[in-house]
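Participant: structure for this input, please:
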Amino acid sequence: MTIFEKIIAREIPADIVLEKENLIAFRDVNPQAPVHVLIVPKRALPRLLDAKTSDRELLGDLLLAAAEVAKKFELKNGFRVVVNSGPDAGESVPHLHVHVLGQRQMSWPPG
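Facilitator: I've put the predicted structure just below:
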């Protein structure tokens, strides 16, 4: 069981900022920006490469939730949405999740 599954099951506390039927969003415990929220599907999907056509609605819901989080935190000057897929991309938990980062200037290229 991943740490995200434990948060979803309320076995580990988290600062939850948004919850819907199929996803949960909470503040990252190791923030890389003043606003750093993780959006996690409640159904375990290891990574983006494992997504199927049948996951289309869930993937759309993750991006819509990212926009909702950005509005909630008034990220009017911009924000970054990141999906790390695999260890070389910095993925540390094998459960698909979206990072929403904001309230600081982001550099390019990332990483």
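Participant: who does the top strand by length along the chain pair up with?
Facilitator: Counting residues, the longest strand in the chain under DSSP state E turns out to be strand 35-41. Take DSSP bridges as the rule and strand 35-41 pairs in its sheet with strand 23-27 (antiparallel), strand 98-102 (antiparallel).
Participant: ok, then the element right after it?
Facilitator: Using DSSP states H and E, the helix or strand that follows strand 35-41 in sequence is helix 56-72.
Participant: what's whatever helix or strand comes next after that following helix packed up against?
Facilitator: Using DSSP H and E, the helix or strand that follows helix 56-72 in sequence is strand 79-82. Where contact means 3 or more Cβ pairs under 8 Å, 6 or more residues apart in numbering; DSSP states H and E, strand 79-82 is packed against helix 56-72, strand 98-102. In this view, the C-beta of every residue, glycine as well, is placed from N, C-alpha and C.
Participant: run a quick neighbour tally on Leu62.
Facilitator: Residues near Leu62, counting by other Cβ atoms under 10 Å, number 22.
Participant: can you say which of the strands paired with strand 35-41 is packed in most?
Facilitator: Per-stretch averages of neighbours, counted by mean count of other Cβ atoms under 10 Å, single out strand 98-102 among the strands paired with strand 35-41, with a mean of 22.
Participant: next one: the residue nearest to Arg27 when sequence neighbours are not counted from Val37, what distance?
Facilitator: Closest residue to Arg27 apart from its sequence neighbours, by Cβ to Cβ, 6 or more residues apart in numbering: Asp15 at 4.2 Å. As judged by Cβ to Cβ, to the nearest Å, Asp15 and Val37 stand 9 Å apart.
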